[in-house]
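S.K.: only geometry, no sequence info:
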């Protein structure tokens, strides 16, 4: 495994606690939560394959004889849960840009076999989040400040004209439904949890663009937004104050849109994307 710069990995228990119930139960079947320490998250290089049968996931160790049979989750559902966990780890910085992670090591960390981990990583490779390293695993893509600036520019080109049109046409009351989402994002920002805020941030923007009635627009913009949330290598990590300030811009933008203040809305949204002049 390639060695990155020294860093303090978050406690393994935190990632395990944030995993979906089925994945966490799978770990419990195998003997409890993954062992604490940074080694598992960072990948442990030349580990041998350690594959477990899919029937382990979600099955109690000693179910009472009278208990109704439980339907075992399908492989694709486990893969989806692992994919969600990996995405949160990417956004939070628990998966370090430039470092290589093996499927077996991550599978052991998540309490699942290596197969759903590899499948999830293949999806992340298609999205540009990781790169395949033959015979070793997956390297987290290294993002530069230029990469993020280009993403911000594309997002602005796509979303700003739509939002300005909505500012002219949607009545003031039409923006009320987005206020709870803005409040949810603000509450998530106050926790300092980057992964939690990232999900709330994208939910707000999906609803915002959803008022245009174009599902393809929402899907494309959401994917660009997801990519923009991956941290740049060696970049300054977002602190709680950064997240709170970003969330506050949602509220200010809603106020400008409800007031049909097109100029103010454009300044705010371009600044929000980081493309303000």
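M.R.: Nice, I can see it. Remember, predicted model here, so these are calculated numbers, not experimental data.
S.K.: where does the stretch 101-250 of the chain dip in pLDDT?
M.R.: Scanning the stretch 101-250 of the chain for pLDDT under 70 picks out the ranges 233-238.
S.K.: ok, which stretches of it are helices?
M.R.: For the stretch 101-250 of the chain, the helices defined by DSSP state H, counting those that start in this stretch cover 103-110, 114-126, 145-169, 179-191, 194-210, 215-228, 240-258.
S.K.: need the ones you listed in a markdown table (columns: distance to residue 81).
M.R.: From N, CA and C alone the C-beta is placed, and that goes for glycine too. Output for the helices of the stretch 101-250 of the chain, formatted as a markdown table (distance: least, C-beta to C-beta, whole Å):
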| stretch | distance to residue 81 |
| --- | --- |
| helix 103-110 | 9 |
| helix 114-126 | 8 |
| helix 145-169 | 27 |
| helix 179-191 | 21 |
| helix 194-210 | 15 |
| helix 215-228 | 17 |
| helix 240-258 | 25 |
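S.K.: please identify the most buried of the ones you listed.
M.R.: Greatest average neighbour count among the helices of the stretch 101-250 of the chain goes to helix 103-110 (a mean of 25), per mean count of other C-beta atoms under 10 Å.
S.K.: which residues touch the strand or helix carrying residue 263?
M.R.: Using DSSP states H and E, residue 263 maps to helix 262-273. The contact list for helix 262-273 (C-beta atoms under 8 Å, 6 or more residues apart in numbering) reads 152-153, 155-156, 159-160, 163-164, 167-168, 246, 249, 252-253, 256-257, 276-277.
S.K.: thinking again about what came up before, of all the helices of the stretch 101-250 of the chain, which one is nearest residue 136?
M.R.: With C-beta to C-beta, the closest approach to residue 136 among the helices of the stretch 101-250 of the chain belongs to helix 103-110: 9.9 Å.
S.K.: which elements pack onto the closest one?
M.R.: Packing partners of helix 103-110 (3 or more C-beta pairs under 8 Å, 6 or more residues apart in numbering; DSSP states H and E): helix 12-18, helix 21-29, helix 39-42, helix 75-92, helix 114-126, strand 137-140.
S.K.: domain map for this structure?
M.R.: Split into domains by automatic domain parsing, the chain comes to 12-140, 145-273.
S.K.: count of residues packed around residue 134?
M.R.: Counted with other C-beta atoms under 10 Å, the neighbours of residue 134 add up to 5.
S.K.: next one: it from residue 100, what distance?
M.R.: The spacing between residue 134 and residue 100, counted by C-beta to C-beta, to the nearest Å, is 11 Å.
S.K.: and what of residue 232?
M.R.: Applying C-beta to C-beta, the value for residue 232 to residue 100 is 19 Å.
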